[in-house]
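Trainee: Sharing a sequence plus its predicted fold:
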Amino acid sequence: MTRLQYKLRRNRFLKAHHDLSTTTYSSSTHFMSTSFRHEPVLAKEVVEFLRPAPGRTIIDGTLGGGGHSSLLLKGGARVIGFDRDPEALAHSREHLALHGERFTVVEGNFSDALEALTALGISQVDGALLDLGVSSHQLDTAERGFSFQREGPLDMRMGKSGPTAADLVNTLPASELARVFREYGDEPRAIQFAARIIRAREKKQIATTAELAELIAAGRTGPRHPATRVFQALRIAVNDEIGSLERALPAFTSMLAPGGRLAVITFHSLEDRIVKHFFRRHAMSEIDDPTWPAPRPNPEYLFEALTPRSVTASPGELSSNPRSRSARLRVVERRGSTSPMNQGGRS
């Protein structure tokens, strides 16, 4: 394959990738940290459901560029924002500083919010938001290694610690790689791709996004880059995204005051399925079993579902923000009873 043919083929892959931005990569360009940008998805709907107002405390568990937090603060609420990304924290501290003590940033995983809020003297909140997935800034910054459209180190960490994607790719056995690709990326060729990686790394460690993407693609073309699901799966595994979500949902539930609302935005089916099932289990007033003579009261009945079906982006938002096309918002409201940890009231 000539160099020109390679570039044309790679460009076709990039155009097919849903994370493509207006900036493209060339081998002579080095992408240092770009200015932080993150257009919040479903922003109007989030504000309407979470009802920010003076005297209300709302958690933004995935602060990112601070887009949602900014709107909640403008509504008069106190906002506590969590993020593992030091760049996101620095950006939000600077751009939302005008709100003074009503805005607090916490470096850490949202799944640890309960402990962090206790340390801040907060026993319950009026609302919480999780906007899951990866930010536009992280995708656009080559050194973060999230996207194969930017050549950079195979990192993918949202924070500063823990194993990188390169660590997983170069050390996990074939069976575990295949499991990650299958469970977190729904990749039908998981075993094939895992075997390909094992063969390649025996000759040379896989160190960059381009190396992995080209290895997975193996010259194939199509409407979607063949490495799309593999990159998604590795990112989820590196950051323990599914484990964090599964720990966070009950923790956030326990923090909600009666009438408080929990809103979650997901971007792929695995996350959405976890959220949907958790909300559904706790929003049923009764449960039934074929062996029972009649339905029984649900002892886990904690929520009223405000979105019987997920909310998706409007046509206007879809045209202005392509990232919103896979976003799904689900919202529940805490029923009147309080959990033991909330009996002390707000701080």
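Mentor: Now that the structure is in, tell me what you want to look at. Numbering: from 1, shown residues only.

Trainee: And the pLDDT at Thr338?
Mentor: What the model reports as pLDDT for Thr338 is 47.

Trainee: Tell me who's in contact with Ala43.
Mentor: Residues counted as contacts of Ala43 (C-beta atoms under 8 Å, 6 or more residues apart in numbering) are Gly67, His68, Leu71. Just so you know, the C-beta spots here come from the backbone N, C-alpha and C atoms, and that holds for glycine as well.

Trainee: can you pull out the helices in the stretch 51-200 of the chain?
Mentor: Taking DSSP state H, counting those that start in this stretch, the helices of the stretch 51-200 of the chain run over residues 67-74, 86-95, 113-119, 136-140, 165-171, 174-185, 190-201.

Trainee: will you turn these into CSV that also has mean neighbour count, mean pLDDT and distance to Thr253?
Mentor: Output for the helices of the stretch 51-200 of the chain, formatted as CSV (neighbours: other C-beta atoms under 10 Å; pLDDT from 0 to 100; distance: least, C-beta to C-beta, whole Å):
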stretch, mean neighbour count, mean pLDDT, distance to Thr253
helix 67-74, 22, 97, 20
helix 86-95, 17, 92, 25
helix 113-119, 16, 92, 10
helix 136-140, 21, 78, 28
helix 165-171, 19, 98, 31
helix 174-185, 19, 97, 24
helix 190-201, 18, 98, 33
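
Trainee: Which one, of those, ends up nearest to Thr209?
Mentor: helix 165-171 (8.5 Å; C-beta to C-beta).

Trainee: Next up, phi/psi of the residue lying closest to Arg325 once chain neighbours are set aside, please.
Mentor: Ranked by C-beta to C-beta, 6 or more residues apart in numbering and with sequence neighbours excluded, the top spatial neighbour of Arg325 is Leu318, at 5.6 Å. With angles defined as degrees, to the nearest 10, Leu318 sits at phi -60, psi -40.

Trainee: number of nearby residues for Leu318?
Mentor: Leu318 has 14 neighbouring residues, counting by other C-beta atoms under 10 Å.

Trainee: So Glu187 sits against Phe231, correct?
Mentor: No: Glu187 is beyond contact range of Phe231, at 10.3 Å (criterion: C-beta atoms under 8 Å).

Trainee: of the two, who's got more company?
Mentor: For Glu187 and Phe231, the more surrounded residue by other C-beta under 10 Å is Phe231, and the numbers stand at 26 against 23.

Trainee: Turn the helices of the stretch 51-200 of the chain into CSV, including distance to Gly260.
Mentor: Listed next are the helices of the stretch 51-200 of the chain as CSV, based on distance: least, C-beta to C-beta, whole Å:
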stretch, distance to Gly260
helix 67-74, 14
helix 86-95, 23
helix 113-119, 13
helix 136-140, 29
helix 165-171, 36
helix 174-185, 31
helix 190-201, 40
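
Trainee: I'm done for today, thanks for sticking with me.
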